[in-house]
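Colleague: Sequence and predicted structure, then a few things I'm wondering about:
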Amino acid sequence: MTEVLSQDEIDQLLTAISAGDTDTDDYRPINDTRKIKIYDFKRPDKFSKEQIRTVSIMHETFARLTTTALSAQLRSMAHVHVASVDQLTYEEFIRSIPTPTTLAVINMDPLKGNAILEIDPSVTFSIIDRLFGGTGKGTKVQRDLTDIEQSVMEGIIVRILANMREAWTQVIDLRPRLGQIETNPQFAQIVPPSEMVVLVTLETKVGDEEGMMNFCIPYITIEPIISKLSSQFWFSSVRRSSTTQYMGVLKEKLSTVDMDVVAEIGTINIPVREVLNLRVGDVVRLSNVRVGDPFTLSIGNKKKFLCQAGVIGKKVAVQVLKKIADIEQEDFEELSAEGDDTYE
């Protein structure tokens, strides 16, 4: 407890201050360095920190699956990852997104109510440009979708929702369905403005274009399974589940991704001076390569096979001879190093 001064002590203290014998700075209150967070009682938090963390973990799986699916369908590098998970009012969410944008109203069967998947215009038009045969670059477009473009995006969103179902498997057998697509946020009032929602923000990159995808889930929609959004329930469910199906999905998605395949006859180091003097018709001699020697077939910058050159009809081709991994290291080095003849 704080000590109470007597009247004599108070008089002595005042006398000392008046005489200048005591520094008044010693009696100033100490600044409180604690951070104070403002709490709005009219807008109480509905989700605990643990529940927010579980939602984030769920959608990290969703982001990985969506990365693979988009890369396969667009035949281009795509990357999706969770940027943040927050709780806010539906009105705050609607005010935070651009107009026009791509707003997909999602039925969250068997949960009651709807959710919103919002895709940034830069991502939307980059996807559309890629699917229409373009490069996906320079697509800073701000307009509503045409009927054809909306139909294309419906197909993309349906594939994304399949990944969402997979990501939610540990919590509920979710069967999300696309309701309608809107471009004006004011036409997508799925809950009252003051209703609390959890907002999953996903940074999305398609080719060189970057933007956001936002998944907005109202509290009243997710409330029936809120008790399952705990770390203990989540990790126990993960341990019980098998990863076989997940790996099967990954293999299926990856099987359609294009890879660079390069047949490398040989290499040589030459000075820059000679490179600058190269002309049409010049012959470059490759060292340590004999005519008829097998050469390397690389897939995605990884040396995978030994092969030999040939023709099929009127086209040049290569025939795979053996996996490099199956060859003893010393045998491979010997194949690469022996012989002084050159191939021109």
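Modeller: Alright, I've got the coordinates. Residues are numbered from 1 along each chain as shown.
Colleague: quick check: domain ranges of this protein?
Modeller: 49-254, 261-337 (automatic domain parsing).
Colleague: Please tell me how far the spatially most central residue of the chain sits from residue 60.
Modeller: For the chain, residue 80 is the residue whose C-alpha lies nearest the centre (C-alpha atoms, centre = their mean; 1.8 Å). Distance, residue 80 to residue 60, by C-beta to C-beta, to the nearest Å: 10 Å. All C-beta spots, glycine's among them, are computed from the backbone N, C-alpha and C.
Colleague: which stretches of the stretch 101-250 of the chain have low pLDDT?
Modeller: Along the stretch 101-250 of the chain, segments meeting pLDDT under 70 span 138-139, 231-250.
Colleague: which residues in it form helices?
Modeller: Here the stretch 101-250 of the chain has its helices, by DSSP state H, counting those that start in this stretch, at 121-131, 147-167, 219-222, 231-240, 244-254.
Colleague: Can you point out the helix or strand that includes the residue nearest to the centre of the chain?
Modeller: strand 78-89 (DSSP states H and E).
Colleague: May I see the buried residues of that strand?
Modeller: Going by neighbour count (16 or more other C-beta atoms under 10 Å), the buried part of strand 78-89 is 78, 80, 82, 85, 87, 89.
Colleague: Report the inter-axis angle for the lengthiest helix in the chain versus helix 121-131.
Modeller: In the chain, taking DSSP state H as the definition, the longest helix is helix 49-74. Relative orientation of helix 49-74 versus helix 121-131 (axes from the mean of the first three to the mean of the last three C-alpha atoms, to 10 degrees): 30 degrees.
Colleague: OK, contacts around the residue nearest to the centre of the chain?
Modeller: By C-beta atoms under 8 Å, 6 or more residues apart in numbering, residue 80 lies in contact with 63-64, 66-67, 70, 202-205, 213.
Colleague: now the domains of the chain in JSON lines, with distance to residue 14?
Modeller: Putting the domains of the chain into JSON lines (distance: least, C-beta to C-beta, whole Å) gives the following:
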{"stretch": "domain 49-254", "distance to residue 14": "51"}
{"stretch": "domain 261-337", "distance to residue 14": "83"}
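Colleague: Would you tell me which one of those is buried the most?
Modeller: For the domains of the chain, average neighbour numbers computed from mean count of other C-beta atoms under 10 Å are highest in domain 49-254, which has a mean of 17.
Colleague: Now do that one: distance to the chain's middle.
Modeller: 11 Å (C-alpha atoms, centre = their mean, to the nearest Å).
Colleague: Check the separation of the first and last residues in that domain.
Modeller: Taking C-alpha to C-alpha, to the nearest Å, domain 49-254 runs 35 Å from one end to the other.
Colleague: Just confirm residue 90 contacts residue 199, I think it does.
Modeller: No - using C-beta atoms under 8 Å, residue 90 is not in contact with residue 199; the gap is 9.5 Å.
Colleague: what residues do the two have in common as contacts?
Modeller: Joint contacts of residue 90 and residue 199 (C-beta under 8 Å, 6+ apart) are residue 216.
Colleague: Quick one: end-to-end length of stretch 164-175, please.
Modeller: First-to-last residue span, stretch 164-175, C-alpha to C-alpha: 9 Å.
Colleague: In this protein, what residue spans correspond to strands?
Modeller: In the chain, the strands defined using DSSP state E lie at 78-89, 102-107, 114-119, 177-182, 196-206, 209-218, 261-264, 295-299, 302-312, 315-323.
Colleague: Tell me the strands beside the first one, with direction?
Modeller: Pointing back at strand 78-89 there. Sheet pairing of strand 78-89 (DSSP bridges) gives strand 196-206 (antiparallel).
Colleague: for the nearest residue to residue 180 once chain neighbours are set aside, what are its contacts?
Modeller: Nearest residue to residue 180, sequence neighbours excluded (C-beta to C-beta, 6 or more residues apart in numbering): residue 105, at 5.3 Å. Residues counted as contacts of residue 105 (C-beta under 8 Å, 6+ apart) are 114-116, 178-182, 188, 190.
Colleague: Reformat those as a markdown table; add distance to residue 288.
Modeller: Listed next are the contacts of residue 105 as a markdown table, based on distance: C-beta to C-beta, whole Å:
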| residue | distance to residue 288 |
| --- | --- |
| 114 | 66 |
| 115 | 62 |
| 116 | 62 |
| 178 | 59 |
| 179 | 64 |
| 180 | 65 |
| 181 | 60 |
| 182 | 64 |
| 188 | 66 |
| 190 | 68 |
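Colleague: Go through those and name the one nearest residue 217.
Modeller: For the contacts of residue 105, the residue nearest residue 217 by C-beta to C-beta is residue 115; the value is 4.7 Å.
Colleague: Name all residues that make contact with residue 211.
Modeller: 119-123, 126, 204.
Colleague: quick revisit: between the contacts of residue 105, which is closest to residue 55?
Modeller: Using C-beta to C-beta, residue 115 comes nearest to residue 55 of those, at 12.1 Å.
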